[in-house]
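Trainee: test case, fold it:
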Amino acid sequence: MKNFKLYIQTYGCQMNVYDSDKMVDILSAKMNIKVTDKESDADILLMNTCSIREKAQEKVFSELGRWRKLKVANPNLIIGVGGCVASQEAEKIHQRAPSVDIVFGPQTLHHLPKMVNAIISKKEKITDISFDPIKKFDQLPTPGKTGPSAFVSIMEGCSKFCSFCIVPYTRGPEISRSVEDVLLEVNHLLSLGAKEIHLLGQNVNNYKSEFQGELFNLAALIRLVASMKGVERIRFTTSHPAVFDDSLVEAYKDVPQLPNYLHLPIQSASDRILMDMKRGYSQLDYRQIISKLRKVRPNISISSDFIVGYPGETSNDFEQTLKLVEQLNIDHSYSFIYSPRPGTPASFKEDNVSLEEKKSRLNTLQKLIQSNAFKISQSMVGTVEQVLITGYSSKSKEDLAGKTGNNRTVNIKGDSHLIGEMVDCEITKANLNSLNGQILEYVV
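Mentor: Numbering: from 1, shown residues only. Modelled structure (predicted):
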């Protein structure tokens, strides 16, 4: 096994990125497997999948069709499919893609070494999509490396059962990790050079765990993490408006490591649609959360999720969403055309909004959000921002790139030794999707 090489393809959310990193950690620790960035060089191909949208799901089978050709050329190649599509479509994956050897769910990735060894020795197909998230965390090794920004999963699963969402069925019910385990992982990541800690969960602000005789919520955990030496910035994803309480508003007031940024999905600003989605809040509830936050953080940037063309969405429903985006100045989004997920309550509703209308509405929404974002970026020109240098710019390998507190990419001149550092940077130009900046007191 010393010469085995692993390639991982990751789709979907930041939780999936985190899980893929853990797959690397456990296979490296248990089997001495090395990572390659070339599919053709790999002995093991793993795909970590997302089932939020239909297109993402179909892309999985398209990619598996390509991988089948690699297996024809190398019959000993091991192919595994993990993540939410694996949980949802386990038997269909084996049927539609016979070249797949292993199908595993988000909560069983810690079994990967055992599954790989079984394939090598027995050549039998394996399926393991059981739910046991806490055991998964207990058995995963500590990270071997990290970047300036590091993910830490603090809870797994979802118990909200929104009418359109498959996640509760693929990741199981909400379970929070212990405070002790979270702090141990954060401390290890700091020792590896992390400066920004990104706390993850499907409903991260519903975190609850006992610690030193008290029940800790997300706000209390944030305060603990902020007290750790070396933590310069804390982010959290994904929040749910129905459980976003005043303790988090107070954390934004008191904790300087929380940047001027929040991702808070609303999905729609129509109360009728929100009720049908079973979201558990109204558009007024959402507005009140943002209002409270802006009293303590006037310049906070708000990011959100939107589903366009949900069954029964009228033009008036959609106009309410546009109105909210404009009035709250939402400047970033993950916005998608509705597609039914098999087995969800919404999938049994008549999908009576035409694809043409869905595309038109999505285009209108995204243009409005892009306009908001550009105006905010323009207002940042001439200001000094704290920027975490994350690596080289995608535009030029001679430049560096970093992230502002409000999650904008800044391209700057600088030496490679600045990667991983938090620097003061004057914003000199606003581009459509990025900023240009100059590090203060930096001499080229």
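Trainee: after the longest helix along the chain comes which helix or strand?
Mentor: Across the chain, the helix with the greatest residue count (assigned by DSSP state H) is helix 355-380. Counting by DSSP states H and E, the next helix or strand C-terminal to helix 355-380 is strand 384-392.
Trainee: so where's the protein uncertain?
Mentor: For the chain, applying pLDDT under 70 flags the ranges 1-2, 52-57, 131-137, 139-141, 442-444.
Trainee: buried stuff in the longest helix of the chain?
Mentor: Glu357, Lys358, Arg361, Leu362, Leu365, Leu368, Ile369, Asn372, Ala373, Ile376, Ser377, Met380 (16 or more other Cβ atoms under 10 Å). Where C-beta positions appear, they are placed from N, C-alpha and C, glycine not excepted.
Trainee: and if you look at stretch 3-12?
Mentor: For stretch 3-12, by 16+ other Cβ under 10 Å, it's Phe4, Leu6, Tyr7, Ile8, Gln9, Thr10, Tyr11, Gly12.
Trainee: quick one: which of those residues is nearest to Asp424?
Mentor: Thr10 (33.2 Å; Cβ to Cβ).
Trainee: please report how far that closest one lies from Asp285.
Mentor: Applying Cβ to Cβ, to the nearest Å, the value for Thr10 to Asp285 is 34 Å.
Trainee: dump the buried residues of stretch 3-12 into TSV; add secondary structure and distance to Val249 as well.
Mentor: Listed next are those as TSV, based on DSSP: H, G, I helix; E, B strand; the rest coil; distance: Cβ to Cβ, whole Å:
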residue	secondary structure	distance to Val249
Phe4	coil	49
Leu6	strand	43
Tyr7	strand	43
Ile8	strand	38
Gln9	strand	39
Thr10	strand	33
Tyr11	coil	34
Gly12	coil	29
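Trainee: I'd like those residues as TSV, with distance to Gly402 appended.
Mentor: Output for those, formatted as TSV (distance: Cβ to Cβ, whole Å):
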residue	distance to Gly402
Phe4	35
Leu6	30
Tyr7	28
Ile8	26
Gln9	27
Thr10	23
Tyr11	26
Gly12	25
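Trainee: all helices of the stretch 251-400 of the chain, in order?
Mentor: 271-277, 283-296, 315-328, 355-380 (DSSP state H, counting those that start in this stretch).
Trainee: what's the second one in contact with?
Mentor: Applying Cβ atoms under 8 Å, 6 or more residues apart in numbering, the external contacts of helix 283-296 come out as 241-242, 244, 246, 249-250, 252-253, 262, 264, 266, 269-271, 274, 300, 302, 320, 324, 328.
Trainee: hmm, try it at 7 Å
Mentor: 241, 244, 249, 252-253, 262, 264, 266, 269, 271, 274, 300, 302, 320, 324, 328 (Cβ atoms under 7 Å, 6 or more residues apart in numbering).
Trainee: please apply the same query to the third one.
Mentor: Helix 315-328 has contacts (Cβ under 7 Å, 6+ apart) with 268-270, 272-273, 283, 287, 290, 302, 306, 361, 364-365, 368-369.
Trainee: of those, closest to Pro113?
Mentor: Phe306 (40.2 Å).
Trainee: now do the contacts for that closest one.
Mentor: Phe306 neighbours (Cβ under 7 Å, 6+ apart): Gln267, Ser268, Thr321, Ser333, Ser335, Leu365.
Trainee: gap between the residue lying closest to the first one once chain neighbours are set aside and Glu210?
Mentor: Pointing back at Gln267 there. Residue nearest to Gln267 in three dimensions, not counting chain neighbours: Ile307, with 5.0 Å by Cβ to Cβ, 6 or more residues apart in numbering. For Ile307, the distance to Glu210 (Cβ to Cβ) stands at 36 Å.
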